[in-house]
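Peer 1: got a predicted model here, sequence first, then my questions.
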Amino acid sequence: MLGPQVWSSVRQGLSRSLSRNVGGWASGEGKKVDISGIYPPVTTPFTATAEVDYGKLEENLHKLGTFPFRGFVVQGSNGEFPFLTSSERLEVVSRVRQAMPKNRLLLAGSGCESTQATVEMTVSMAQVGADAAMVVTPCYYRGRMSSAALIHHYTKVADFSPIPVVLYSVPANTGLDLPVDAVVTLSQHPNIVGMKDSGGDVTRIGLIVHKTRKQDFQVLAGSAGFLMASYALGAVGGVCALANVLGAQVCQLERLCCTGQWEEAQKLQHRLIEPNAAVTRRFGIPGLKKIMDWFGYYGGPCRAPLQELSPAEEEALRMDFTSNGWL
């Protein structure tokens, strides 16, 4: 736990860290960092005995590094971070930093339930090589997570964080949407650079883009299923589970949207909707890991209590990819 003196030193160092380049990010001119682009949310490989398999993690990263991703998200929902110990979370980030190309950005999930624990984890993530912290909404006491509570939480984390902070709203897992009014307030913080919104409500994404347009604030779509719609409304990229297996295609969709080739983008987006739903809402992480195995990556088992797919689920997963021409 951080003592008062450590908290004080972290706070004093924040102003210095914001005015110098951190991993190629911040500039002394006060402009927030650019997080635009596509990021695969990296899975955490496990052995048959449920230990983190760091060798397979590095193998996956070397393969993913061949695609033109902006960077990687580590310890997001697809990384099974709630099932890892604090030391495992930090070791995974450290190993990813060492294995990934140096010119890519590393966004590390540092969210915990308490503000103090989140600050401590964020500081530690920075120490092991994260370029930015992606902070999920605390949700255990979701009934008390008002806009005021969440603004206070994120403000404290951003105040103490030596690296930029990205807000992370994933209501399918937390049961909690980060309110738009809270996002608008937080977008004014000098160390909060953007948001990953995984809710799938493109109206909400468009509203957030509109209401934060005067700030240096960027929005990332949290899934490939609504990536095109998000780009059309002003998002600047996406954190897409599907990019772990269809990296070239998700990056192609990004290029089509960014160059205004909307008819071609629409055709590709249509073909990505079903497989994306299969590895997110329909079969989740077990589905993603299974299809990774089929595509030449290492998916492997999940950590309990997540269970493997049934034979019927495997067949349905295969059909979602086969019917769209990906298998």
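Peer 2: Everything's here; your move.
Peer 1: could you verify that His210 is part of a helix?
Peer 2: Yes. The assignment for His210 (DSSP: H, G, I helix; E, B strand; the rest coil) places it in a helix.
Peer 1: give me the nearest residue to it, chain neighbours excluded.
Peer 2: Gly234 (7.5 Å; Cβ to Cβ, 6 or more residues apart in numbering). Every residue, glycine included, has its C-beta placed from N, CA and C.
Peer 1: doesn't the one you found lie inside a helix?
Peer 2: No. Checked against three-state DSSP, Gly234 lies outside a helix; its state is coil.
Peer 1: burial of it, as a residue count?
Peer 2: Gly234 is flanked by 15 other residues according to other Cβ atoms under 10 Å.
Peer 1: how about it, what does it touch?
Peer 2: Going by Cβ atoms under 8 Å, 6 or more residues apart in numbering, Gly234 touches Ile205, Gly206, Val209, His210, Arg213, Val219.
Peer 1: list the contacts of the first one.
Peer 2: Contact criterion Cβ under 8 Å, 6+ apart gives Asp197, Val219, Ala221, Phe226, Ala229, Ser230, Leu233, Gly234, Ala235 as the residues in contact with Ile205.
Peer 1: the last one reaches Gly222, doesn't it?
Peer 2: It stands for Ala235. No. In this structure, Ala235 is not within contact of Gly222 by Cβ atoms under 8 Å, at 9.8 Å.
Peer 1: and the gap between the residue nearest to His210 and Gly296?
Peer 2: To Gly296, Gly234 is 35 Å away according to Cβ to Cβ, to the nearest Å.
Peer 1: do Val119 as well
Peer 2: 39 Å.
Peer 1: which of these two has more neighbours?
Peer 2: Taking neighbours as other Cβ under 10 Å, Val119 and Gly296 compare with Val119 leading, 25 against 9.
Peer 1: how close does the more buried one get to Gly143?
Peer 2: Val119 is 23 Å from Gly143, by Cβ to Cβ.
Peer 1: can you check Gly284 too?
Peer 2: Distance of Gly284 to Gly143, computed by Cβ to Cβ: 25 Å.
Peer 1: over to Val279?
Peer 2: For Val279, the distance to Gly143 - Cβ to Cβ - is 31 Å.
Peer 1: more neighbours, those two?
Peer 2: Between Val279 and Gly143, Val279 has the larger neighbour count (other Cβ under 10 Å), namely 30 against 9.
Peer 1: so the more buried one, which of the three states?
Peer 2: Assignment for Val279 (three-state DSSP): helix.
Peer 1: surely it touches Ala243?
Peer 2: No. At 10.2 Å, Val279 does not count as touching Ala243 under the criterion of Cβ under 8 Å.
Peer 1: for the contacts of Ile205, pick the one with the most neighbours.
Peer 2: Result: Asp197 is most packed of the contacts of Ile205 (other Cβ under 10 Å), 30 neighbours.
Peer 1: look up phi and psi at that one.
Peer 2: As for Asp197, its main-chain torsions (degrees, to the nearest 10) stand at phi -110, psi 110.
Peer 1: so for it, what's the pLDDT?
Peer 2: Asp197 is assigned 97 on the pLDDT scale.
Peer 1: one more: the one 4 residues further on?
Peer 2: In this prediction, Asp201 carries a pLDDT score of 96.
Peer 1: how many neighbours does it have?
Peer 2: Asp201: 13 neighbours (other Cβ under 10 Å).
Peer 1: repeat for Lys267
Peer 2: 12.
Peer 1: what's across from the most centrally placed residue in the chain in the sheet?
Peer 2: By Cα atoms, centre = their mean, the chain has its centre lying nearest to Val73, at 4.6 Å. Note on Val73: beta-bridge partners by DSSP bridges are Pro41, Leu107.
Peer 1: now His62: closest residue in space, sequence neighbours ignored.
Peer 2: For His62, ignoring the flanking residues on the chain, the nearest one in space by Cβ to Cβ, 6+ apart is Ala99 at 6.7 Å.
Peer 1: next one: Phe83
Peer 2: Arg303 (4.4 Å).
Peer 1: that neighbour should be in a strand, yeah?
Peer 2: No. Looking at Arg303 with three-state DSSP, it is coil, so not inside a strand.
Peer 1: next, give phi and psi for it.
Peer 2: phi -90, psi 140.
Peer 1: going forward, the N-terminal residue is numbered 22.
Peer 2: Got it, first residue is 22 now, which makes that one Arg324.
Peer 1: thought it was touching Glu72?
Peer 2: No. When contacts are counted by Cβ under 8 Å, Arg324 is not listed as touching Glu72 (9.4 Å).
Peer 1: who has more neighbours out of those two?
Peer 2: Applying other Cβ under 10 Å to Arg324 and Glu72 shows that Arg324 carries more neighbours, namely 16 against 11.
Peer 1: what ranges does the stretch 122-271 of the chain have for its helices?
Peer 2: Per DSSP state H, counting those that start in this stretch, the stretch 122-271 of the chain carries helices over the ranges 136-148, 168-181, 192-195, 201-207, 223-232, 248-253, 268-279.
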